[in-house]
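Trainee: Any chance you can model this:
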Amino acid sequence: MTHTENKKPYQRQSIRERKKTWGRTQLGMILKQQWWLLLLLAAALIVQSLVSMIQPWPLKVIFDHIILDTPVPEAYQDFSGVLWPFISRHLLIIMAISIVVVAVLNGVSLYMQNITLTKLSQIVVQKLRLRLFAHVLDLPIAHFQTTESGEIIERITTDTDNTQKIVEGVSVLVCRSAPTIVGITVIMFLVNPQLALLTLGIAPLLAWATYFFGVRIKFITRRKRQHESDVASITEVATKTHKWIKLLEMEHDEISRMEEKSGRSREAAIEAGSLQGIFISLTNIVLAAGTATLLLFGVMSIRDGTITPGELLVFMSYLQSLYKPIREFTKYQIKITKALACNERIEAIMSITPCDLGVCNNSGGEPFDLFEKDIEFKDVSFSYDGKTAILDSISFRAEKGQKVGLVGGSGSGKSTLLNLIPRFFDATSGSIHIDGREIHSLSLESLRKQIVMVPQEAILFHTTIQENIAAGKRGEPATDAEIEEAAKKANAHDFILDQPDGYMTSLKTGGALLSGGQAKRILIARAFLREADIVLLDEPTGSLDASSDTIVMEAFDRLSADKTLFIASHRLSAVMNADIILVLENGRIAERGTHDELLEKGGIYADFWDEQQMDI
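Mentor: Next comes the predicted model:
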């Protein structure tokens, strides 16, 4: 179970408590900063609601008082006062202008809604994405070992993008849909309660149909997306393992899997389309039935003299207007529910601190500006799960300028020991001291500035060779001369010049077109620019052929000159010149000494040496 899966039991909160909780979320804090855009969006939506309520009234006046020539109620004449004679003479023109004014107001408010909502949504997504990305980068390595990279990518990309639907949905429902329904309902009851009840009679049926079909369409669409995700996964794996598929003659199997998953996606899409067709048809039938019923009783009411033809026109217009906010309630309810789930996933990661994962960032710690004396492990133990010890009671001391070799079988704890020095992980027990100071007392940033690490795998960024090397220097940007000098020291300059664009060659595939030795030498060049006093090498020549091994080790020797070096390697030839060699077995130091001393003992190291000499 990942750290993000730990959920607290649900506790019912009051409205005030929920407001406080919401205000403390990342989304809530971002929206507070953009309050002026929220106000502008609310204003645009409220204008749209008002427009939908007054839109049919100019037609009513034209129909009743101009075409049918019925007298205008005295209350309206008294309200107009001295302007009434002018209004009465130009009533048709005024109403025609009113129709245009209403349309302009609606158009302007729609434009303001679209541009404001787009701007606000994109600001929210960008700021939320940056905050989440920065927080994820701040988390220790332990988080990435317990959480799949695909899940992290999904949260930074898709989940943050979906949160904009919260902004859109809540604002539309609160500022447009709800006021429109309430306003239209009140106006209809003021005009004619009986017709109002008749008009509103189909609202529950429309709401039920929208909810019933909306939930099912959502469920099927989610299933379709899952199948599409499976299709994407099959495609991704097939492209990454292309040569193995060919070697194992699995093309037919992969095509069959793709056919199955894409077929399920097709079936889900057809089912969703069918339900959507039924829903649209049923909605049209319900609206037609409501319109017919309203016409029947409306015409009867006109004959009875209880309403005017213009008022019937208003009711019919409101019948159509009611459908939109009802549909919006169900539509945005589904979107908001999904977006809230995405926001909870974001908050789950944002709530994790490095201390929760055992590596507290001591930003207020002591500065560590210069490594002068030694590094000492005092009875250090480490476990990933708190049960199985990876390192057990490790104690040794390395003076400045010494070279420490770490050897042992796979899983003996070599790489883990290296990772404790820059505090990628923290020891379960015991302590590590640099120049007599416990590393937890040092600020994490200043500690890592003193360390350069070349990992076993070639970590190259998807940018140019020049920028990959320049990444090693912090503070002032590296000059072209410094980059070239670092490449020469790493024995990389010549092969870089042979690349299509030299130092400006883009490594879009993360260095996939480079050989293992070439990629490793770019890492070494990057390390030269780091200019750190502590050098950590993890399997520096792993998976390299003999010729590349020699070139790379020559560069490593140049890099580690006058440095304190820790080198973990299964090749004893890489550590034989170390001042101290630690032989790890089951997480403990089984042997220690120089190369000659360990050979003389005739123990584990000597056996390793004999085996490797036989393989040469």
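Trainee: In this structure, mark out all the strands, start to finish.
Mentor: Taking DSSP state E to define them, one finds strands in the chain at 374-383, 389-399, 403-408, 429-434, 437-438, 451-454, 534-538, 564-568, 580-585, 588-593.
Trainee: so what strands line up beside the third one?
Mentor: Same thing as strand 403-408. For strand 403-408, the paired strands and their directions (DSSP bridges) are strand 564-568 (parallel), strand 580-585 (parallel).
Trainee: Pull the residues that contact the last one.
Mentor: To tie it back to what came earlier, the one meant is strand 580-585. The contact list for strand 580-585 (CB atoms under 8 Å, 6 or more residues apart in numbering) reads 396, 398, 402-409, 412-414, 417, 575, 589-595, 598, 603-605. Glycine gets a C-beta too; all of them are placed from N, C-alpha and C.
Trainee: Ok, the shortest one next?
Mentor: Among residues not part of strand 564-568, those counted as contacts by CB under 8 Å, 6+ apart are 371, 375, 398-407, 414-415, 417-418, 421, 533-540, 556, 560, 574-575, 578.
Trainee: coming back round to it: using CSV, lay out the strands of the chain together with distance to residue 201.
Mentor: Converted to CSV, these look like this (distance: least, CB to CB, whole Å):
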stretch, distance to residue 201
strand 374-383, 68
strand 389-399, 71
strand 403-408, 80
strand 429-434, 73
strand 437-438, 76
strand 451-454, 73
strand 534-538, 74
strand 564-568, 78
strand 580-585, 80
strand 588-593, 81
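Trainee: which residue is nearest the centroid of the chain?
Mentor: Computing the C-alpha centroid of the chain and ranking residues by CA atoms, centre = their mean puts residue 156 first, at 0.8 Å.
Trainee: Could you list the low-pLDDT ranges of the stretch 401-550 of the chain?
Mentor: For the stretch 401-550 of the chain, applying pLDDT under 70 flags the ranges 508-513, 542-549.
Trainee: The stretch 51-200 of the chain too?
Mentor: In the stretch 51-200 of the chain (pLDDT under 70), the answer is 74-82, 140-151.
Trainee: on that earlier part again, make a PyMOL selection of the buried ones in the contacts of strand 564-568.
Mentor: Per 16 or more other CB atoms under 10 Å, the buried members of the contacts of strand 564-568 correspond to this PyMOL selection:
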select buried, resi 371+375+398+400+402+403+404+405+406+407+414+415+417+418+421+533+534+535+536+537+538+539+540+556+560+574+575+578
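Trainee: Going by neighbour count, list what's buried in stretch 92-111.
Mentor: Residues 95, 98, 102, 105-106, 109 are the ones in stretch 92-111 that count as buried (16+ other CB under 10 Å).
Trainee: Same question for stretch 319-328.
Mentor: Of the residues in stretch 319-328, those scored as buried under the neighbour-count criterion (16+ other CB under 10 Å) are 319, 321-323, 325-328.
Trainee: just those now: which is nearest residue 177?
Mentor: Checking the buried residues of stretch 319-328 against residue 177 with CB to CB, the nearest one is residue 325 at 3.7 Å.
Trainee: where along the stretch 51-200 of the chain do the helices fall?
Mentor: Listed in chain order, the helices of the stretch 51-200 of the chain (DSSP state H, counting those that start in this stretch) span residues 57-61, 74-80, 84-89, 91-138, 141-146, 149-154, 160-162, 164-172, 178-191, 193-200.
Trainee: try the stretch 301-450 of the chain
Mentor: Ranges of helices within the stretch 301-450 of the chain are 309-350, 414-420, 444-449, based on DSSP H, counting those that start in this stretch.
Trainee: can you state the direction angle for the first one and helix 91-138?
Mentor: This points to helix 309-350. Inter-element angle recorded for helix 309-350 and helix 91-138: 10 degrees (by axes from the mean of the first three to the mean of the last three CA atoms, to 10 degrees).
Trainee: quick check: angle from helix 309-350 to helix 164-172?
Mentor: Computed by the same axes, to 10 degrees, the angle separating helix 309-350 from helix 164-172 equals 150 degrees.
Trainee: tell me the angle of helix 309-350 relative to helix 193-200?
Mentor: Relative orientation of helix 309-350 versus helix 193-200 (the same axes, to 10 degrees): 50 degrees.
Trainee: Helix 178-191 and helix 309-350, what's the angle between them?
Mentor: 160 degrees.
Trainee: just how off-centre is helix 309-350 within its chain?
Mentor: Computed by CA atoms, centre = their mean, to the nearest Å, the separation of helix 309-350 from the middle of its chain amounts to 26 Å.
Trainee: mind listing what the residue nearest to residue 467 when sequence neighbours are not counted touches?
Mentor: Excluding the flanking residues, the one nearest residue 467 by CB to CB, 6 or more residues apart in numbering is residue 461, at 7.1 Å. By CB under 8 Å, 6+ apart, the contact list for residue 461 reads 467-468, 471, 507, 510.
Trainee: Please dump these into JSON lines; it should also carry distance to residue 275 and neighbour count for every row.
Mentor: Rendered in JSON lines, the data for the contacts of residue 461 read as follows (distance: CB to CB, whole Å; neighbours: other CB atoms under 10 Å):
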{"residue": "467", "distance to residue 275": "51", "neighbour count": "16"}
{"residue": "468", "distance to residue 275": "52", "neighbour count": "24"}
{"residue": "471", "distance to residue 275": "52", "neighbour count": "15"}
{"residue": "507", "distance to residue 275": "48", "neighbour count": "20"}
{"residue": "510", "distance to residue 275": "44", "neighbour count": "15"}
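Trainee: ok, the residues you listed vs residue 435, which is closest?
Mentor: Distance ranking of the contacts of residue 461 against residue 435, using CB to CB, places residue 471 first at 27.4 Å.
Trainee: where's the closest one relative to residue 523, distance?
Mentor: Here residue 471 is placed at a distance of 10 Å from residue 523 (CB to CB, to the nearest Å).
Trainee: Same check on residue 398?
Mentor: Taking CB to CB as the criterion, residue 398 is separated from residue 523 by 23 Å.
Trainee: Please report how far residue 170 lies from residue 405.
Mentor: Here the criterion is CB to CB. By it, residue 170 lies 61 Å from residue 405.
Trainee: Equivalent analysis for residue 604, please.
Mentor: Plainly put, residue 604 is 14 Å away from residue 405 if you go by CB to CB.
Trainee: Ok, residue 470 next?
Mentor: Applying CB to CB, one obtains 31 Å for the distance of residue 470 from residue 405.
Trainee: For stretch 351-368, give the mean pLDDT please.
Mentor: Taken as a whole, stretch 351-368 carries a mean pLDDT of 68.
Trainee: Check stretch 266-283 too.
Mentor: On average, stretch 266-283 scores 83.
Trainee: ok, and for that stretch, which residues are buried?
Mentor: Buried residues in stretch 266-283, counting neighbours by 16+ other CB under 10 Å, are found at 268-269, 271-272, 275-276, 279, 282-283.
Trainee: go on, stretch 201-212?
Mentor: Going by neighbour count (16+ other CB under 10 Å), the buried part of stretch 201-212 is 202-203, 206, 209-210.
Trainee: Buried residues, stretch 281-299. List them.
Mentor: Neighbour counts over stretch 281-299 (16+ other CB under 10 Å) mark 282-283, 286-287, 290-291, 294, 297-298 as buried.
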